[in-house]
Structures are given as structure tokens and as C-alpha cells.
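> Okay, predicted coordinates and the sequence, questions at the end:
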Amino acid sequence: MIEHGYTVSGMSCGHCAQSVTEELTGLPGVTEVDVDVSSGRVIVRAEAALAEADVRGAVEEAGYTYQGVVSLVG
């Protein structure tokens with residue numbers, strides 16, 4: 001299992017988090033998604049590495065702005 005961290009902007013409520021979660025869960029190999037709306041941090045657990053372009057596409061499909069990868073260390 002690989003854990004990925006991303007920053008997403010434009011989210012403001014639980015519905016936003018649900019939309020992002022649904023899109024990211026649709027990516028192959030994704031097993032779990034945790035969204036923190038207040039910080040914009042999204043943690044994705046997957047069976048293998050994810051292509052950044054795929055994550056960006058899923059976030060944008062949900063209607064939000066992909067800001068990039070964040071470190072999960074520390």
C-alpha cells in the first residue's frame with residue numbers, strides 16, 4: 001500500500017470532500033481517500049504509485065483545483 005498526499009484548493013464543505021473522494025476512488029488501485037477540507041490536504045492510499053496527471057484530472061473533474069504533491073513525512 002502506498003500513501004500519497006496532495007493539496008487541493010476550492011473545497012469548503014462536506015459535499016466538496018465527497019466529490020473529490022468519489023473522483024479519486026474511481027482511479028485504478030485506490031483503496032481509501034481522506035480529505036481535510038480546512039487544510040486542503042488529501043491523502044490517497046493505493047495499491048501502486050499514481051500518475052500525477054491522473055490525480056489532477058480526477059480533482060479537476062470534481063470541480064476543484066489541484067495544487068500539487070505534499071510530503072507526508074513529519
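That came through, no problem.

> C-alpha only now, for contacts and for neighbours.
OK.

> show me where the chain has helices.
Assigned by DSSP state H, the chain shows helices spanning 14-25, 52-62.

> Same list (the ones you listed) but as CSV, adding mean neighbour count, distance to Arg41 and mean pLDDT.
Shown next, in CSV, are the helices of the chain (neighbours: other C-alpha atoms under 10 Å; distance: least, C-alpha to C-alpha, whole Å; pLDDT from 0 to 100):
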stretch, mean neighbour count, distance to Arg41, mean pLDDT
helix 14-25, 17, 10, 97
helix 52-62, 16, 12, 97
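
> Can you lay out those as a markdown table showing distance to Thr7?
Below are the helices of the chain laid out as a markdown table (distance: least, C-alpha to C-alpha, whole Å):
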| stretch | distance to Thr7 |
| --- | --- |
| helix 14-25 | 12 |
| helix 52-62 | 10 |
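
> Relative to Tyr6, tell me which of those wins on proximity.
When these are compared by C-alpha to C-alpha, helix 52-62 sits nearest Tyr6, at 8.8 Å.

> what packs against that closest one?
Under the contact definition 3 or more C-alpha pairs under 8 Å, 6 or more residues apart in numbering; DSSP states H and E, helix 52-62 sits against helix 14-25, strand 65-69.

> Any chance of JSON lines for the ones you listed, columns distance to Glu47?
Shown next, in JSON lines, are the helices and strands packed on helix 52-62 (distance: least, C-alpha to C-alpha, whole Å):
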{"stretch": "helix 14-25", "distance to Glu47": "12"}
{"stretch": "strand 65-69", "distance to Glu47": "18"}
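
> coming back round to it: out of the helices of the chain, the one nearest Val70 is which?
helix 52-62 (11.8 Å).

> The closest one: how far from the chain's middle?
8 Å (C-alpha atoms, centre = their mean, to the nearest Å).

> next one: stretch 48-65
From the chain centre to the centre of stretch 48-65 is a distance of 7 Å (C-alpha atoms, centre = their mean).

> Return that stretch as PDB; C-alpha atoms alone will do.
The C-alpha trace of stretch 48-65 is given here as PDB (Å, rounded to 0.1, in the frame of the first residue of the first chain):
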ATOM      1  CA  ALA A  48       0.600   1.200  -6.500                       C
ATOM      2  CA  ALA A  49       2.000   4.600  -7.500                       C
ATOM      3  CA  LEU A  50      -0.500   7.000  -9.000                       C
ATOM      4  CA  ALA A  51       0.300   9.200 -12.000                       C
ATOM      5  CA  GLU A  52       0.100  12.800 -11.000                       C
ATOM      6  CA  ALA A  53      -1.800  13.600 -14.300                       C
ATOM      7  CA  ASP A  54      -4.500  11.100 -13.300                       C
ATOM      8  CA  VAL A  55      -4.900  12.700  -9.800                       C
ATOM      9  CA  ARG A  56      -5.000  16.100 -11.300                       C
ATOM     10  CA  GLY A  57      -7.600  15.000 -13.800                       C
ATOM     11  CA  ALA A  58      -9.800  13.500 -11.100                       C
ATOM     12  CA  VAL A  59      -9.600  16.600  -8.900                       C
ATOM     13  CA  GLU A  60     -10.400  18.900 -11.800                       C
ATOM     14  CA  GLU A  61     -13.300  16.600 -12.800                       C
ATOM     15  CA  ALA A  62     -14.700  17.100  -9.300                       C
ATOM     16  CA  GLY A  63     -14.500  20.800  -9.900                       C
ATOM     17  CA  TYR A  64     -11.600  21.800  -7.800                       C
ATOM     18  CA  THR A  65      -8.000  23.000  -8.300                       C
END
